[in-house]
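Q: here is my input; please provide its structure:
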Amino acid sequence: MKFIDEATIEVHAGNGGNGIVAFRREKFIPKGGPSGGDGGRGGSVIAIADRNINTLIDYRYARVHRARGGEHGQGSDRYGAAAEDIVLRMPVGTVITDAETDELIVDLSLDGQQATLAKGGRGGLGNLHFKSSTNRAPRQATKGTEGEHRRIRLELKVLADVGLLGLPNAGKSTLIAACSNARPKIADYPFTTLHPNLGVVRTGPAKSFVMADIPGLIEGAADGAGLGHQFLRHLQRTRLLLHIVDIFPPGAAVETASDIAHLVDTLAVQIRGLVAELKRYDATLARKPRWIVLNKTDLVSDALCADILAALKKKLRSRAAGYCVSGVSRAGCEELMQDIQRWLDAQRIAEVGSVQPDVRFQPEDDQHVG
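A: This is a model prediction of the structure:
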């Protein structure tokens, strides 16, 4: 199924039914009095978060959603029937805003959470409500009110604890496939990943976290290069970013000390370029904790990988955590996943104010890469 993470739709609530003027007309009851009933309530348009849905594709093609109007009142004290509400089921993580004013309507971050997008009109009053001791034959009735209608924008931001960030072909999809239950498409050409992939990483009998893989980001994405910034929104809810770096990019050599220095310079330029793209998209996203993860380390020795990582962190003047892993051989993956789990647990404990998080995994302001 095609992944759709944004759509614009129109929602129209139903109008309320009109109240009517009516009087009792029975054979043996002269001057029976007013009997006009009220109009029914118009149907509302309601959004509800459903964890069984993971895309907004239904709203890419069905752009207008109208609820029915309430029935008009009738004689003999009969009220008009209220119209049924329309329920729009959306993925958990959908942010709904008014397309005209950019006002946030609701953030559907919990399964089963619901919100009224357009409220149905109220039914009008029949003349039954206007009778009194001085007005025994009222001929007043009110019309139903108009239902709300608005143009809204839907934007899906996936819910994940950890996000993978990196250039195309850095091995992000291979890594998430090795560590989680996700099975993304993997191939040896750039931009194999065309939409976000979510995977659950299980680190113990009762411990797990969600990891998100997004399409590769390249320098110039803000100007439309590659797939642009359109998928970076899916990293905004994450707690931690893993900056996946190909330790041995095409054309690189590691035969001499000069080759290694040149490789470190190349990797530093790549990392700083992607960090600059994050800042251009969202400064808050750029301030999230980021760990350096050198991938494809099965192509070099463990000692050389450690030297490259140390030189790279020195070049970037970064104190962020750094790891050497291989998505193919899964070397180093278990240690990385366990450290992520401990860091996330420490963050959750710190948020409730019980104890301070473990300083080994607590990021500082100057620990951000670049």
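Q: got any ranges where this structure has weak pLDDT?
A: Applying pLDDT under 70 to the chain picks out residues 1-4, 182, 184-195, 216, 218-231, 250-255, 352-370.
Q: which helix is the longest one in it?
A: When the chain is scanned for its longest helix (criterion: DSSP state H), the result is helix 257-281.
Q: so which bits of it are buried?
A: Counting neighbours by 16 or more other Cβ atoms under 10 Å, one finds that the buried residues in helix 257-281 are 260, 263-264, 267-268, 270-271, 273-278, 281. C-betas here are computed from N, CA, C, even on glycine.
Q: so which of those is the closest to residue 84?
A: residue 281 (41.8 Å; Cβ to Cβ).
Q: still on that earlier bit, okay, the buried residues of helix 257-281 in CSV with distance to residue 93 next?
A: Compiled in CSV, these are given as follows (distance: Cβ to Cβ, whole Å):
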residue, distance to residue 93
260, 42
263, 38
264, 38
267, 33
268, 34
270, 30
271, 28
273, 28
274, 24
275, 25
276, 27
277, 23
278, 20
281, 18
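Q: quick revisit: helices or strands next to the longest helix of the chain in the packing?
A: Helix 257-281 is packed against strand 162-166, strand 240-246, helix 283-286, helix 302-316, with contacts defined by 3 or more Cβ pairs under 8 Å, 6 or more residues apart in numbering; DSSP states H and E.
Q: go again using 6 Å as the cut-off
A: For helix 257-281, the contact count by 3 or more Cβ pairs under 6 Å, 6 or more residues apart in numbering; DSSP states H and E identifies helix 283-286, helix 302-316 as packing neighbours.
Q: most packed of those?
A: Neighbour counts averaged per stretch over the helices and strands packed on helix 257-281 are highest for helix 302-316, at a mean of 17; criterion: mean count of other Cβ atoms under 10 Å.
Q: OK, contacts around the residue most central in space within the chain?
A: To find the centre residue of the chain, average its C-alpha atoms and take the closest one (Cα atoms, centre = their mean): that gives residue 157, at 1.6 Å. Taking Cβ atoms under 6 Å, 6 or more residues apart in numbering as the contact definition, residue 157 lies against 93, 233, 234, 236, 237.
Q: and those, which are buried?
A: When the contacts of residue 157 are checked for burial by 16+ other Cβ under 10 Å, the buried set is 93, 233, 234, 237.
Q: pull the most distant pair out of those residues.
A: Between all members of the buried ones among the contacts of residue 157, the longest pairwise span (Cβ to Cβ) is found for 93 and 233 and amounts to 9.9 Å.
Q: measure the residue nearest to residue 274 when sequence neighbours are not counted to residue 93 for me?
A: Closest residue to residue 274 apart from its sequence neighbours, by Cβ to Cβ, 6 or more residues apart in numbering: residue 217 at 5.8 Å. Going from residue 217 to residue 93 by Cβ to Cβ, to the nearest Å gives 20 Å.
Q: swap in residue 5?
A: Applying Cβ to Cβ, the value for residue 5 to residue 93 is 9 Å.
Q: so which residues make contact with stretch 114-133?
A: Contacts of stretch 114-133 from elsewhere in the structure, counted by Cβ under 6 Å, 6+ apart, are 11, 13-21, 34, 36-48, 70, 73, 106, 138, 140-149.
Q: go ahead and confirm residue 89 touches residue 51.
A: No - because the distance of 10.2 Å does not satisfy Cβ atoms under 6 Å, residue 89 is recorded as not touching residue 51.
Q: show me what counts as buried in stretch 235-248.
A: For stretch 235-248, by 16+ other Cβ under 10 Å, it's 235, 237-248.
Q: pull the contacting residues for residue 266.
A: Neighbouring residues of residue 266 by Cβ under 6 Å, 6+ apart: there are none.
Q: meant to ask about residue 298
A: Contact partners of residue 298, counting by Cβ under 6 Å, 6+ apart, are 326, 328, 329.
Q: what do you get for residue 34?
A: With contacts defined as Cβ under 6 Å, 6+ apart, the neighbours of residue 34 are 23, 127, 128, 131, 138.
Q: for the first one, give the beta-bridge partners.
A: With DSSP bridges as the criterion, residue 23 is bridged to residue 34.
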